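Engineer: Turn this into a model:
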Amino acid sequence: MAYAQPDHPAIPAHEAGAGPKVRILDWVDSQARVTRIWLDELIAEGDPQDLVSLIHRQAAWLDMMKVRLREN
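Structural biologist: Sure thing, here's the model as predicted:
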């Protein structure tokens, strides 16, 4: 039996029919953008707990994943 899925507000209408690879790439891209925002905030406000290095590493990993997803 198939169940109807309710509309999900987090997925734009133009992506609703997109395949899993496109949706994962979009998710990774949005996470990378959020990570860069936090990096900018930490650098601007100071970083007493040295979180910049951890978030920078996460940003680099997300960028690497974007490249891999686009290549495959």
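Engineer: low-confidence ranges in the chain?
Structural biologist: Confidence mapping of the chain against pLDDT under 70 gives the ranges 1-18.
Engineer: which residues touch stretch 41-53?
Structural biologist: 39, 55 (CB atoms under 8 Å, 6 or more residues apart in numbering). C-betas here are computed from N, CA, C, even on glycine.
Engineer: What is the distance between that stretch and the centre of its chain?
Structural biologist: Its chain's C-alpha centre and that of stretch 41-53 lie 20 Å apart, by CA atoms, centre = their mean, to the nearest Å.
Engineer: how long is it from one end to the other?
Structural biologist: With CA to CA, to the nearest Å as the measure, the ends of stretch 41-53 fall 13 Å from one another.
Engineer: Contacts only, for the residue sitting nearest the centre point of the chain.
Structural biologist: Computing the C-alpha centroid of the chain and ranking residues by CA atoms, centre = their mean puts Q31 first, at 2.1 Å. Q31 is in contact with L62, counting by CB under 8 Å, 6+ apart.
Engineer: buried sites along the one helix or strand it maps to?
Structural biologist: Assigning secondary structure by DSSP states H and E places Q31 in helix 20-45. Burial within helix 20-45, assessed by neighbour count using 16 or more other CB atoms under 10 Å, is assigned to 25, 28, 31-32, 35, 39, 42.
Engineer: swap in stretch 57-72?
Structural biologist: 59, 62, 65, 69.
Engineer: secondary structure element for the last one?
Structural biologist: It stands for L69. For L69, the host element (DSSP H and E) is helix 51-71.
Engineer: quick check: angle from that helix to helix 20-45?
Structural biologist: Taking axes from the mean of the first three to the mean of the last three CA atoms, to 10 degrees, one finds helix 51-71 and helix 20-45 inclined to each other by 160 degrees.
Engineer: so how far is helix 51-71 off the chain centroid?
Structural biologist: The answer for helix 51-71 is 9 Å, by CA atoms, centre = their mean.
Engineer: again, but for stretch 63-72
Structural biologist: The chain centroid and the centroid of stretch 63-72 are separated by 12 Å under CA atoms, centre = their mean.
Engineer: what sits up against that stretch?
Structural biologist: 21, 24-25, 28-29, 32.
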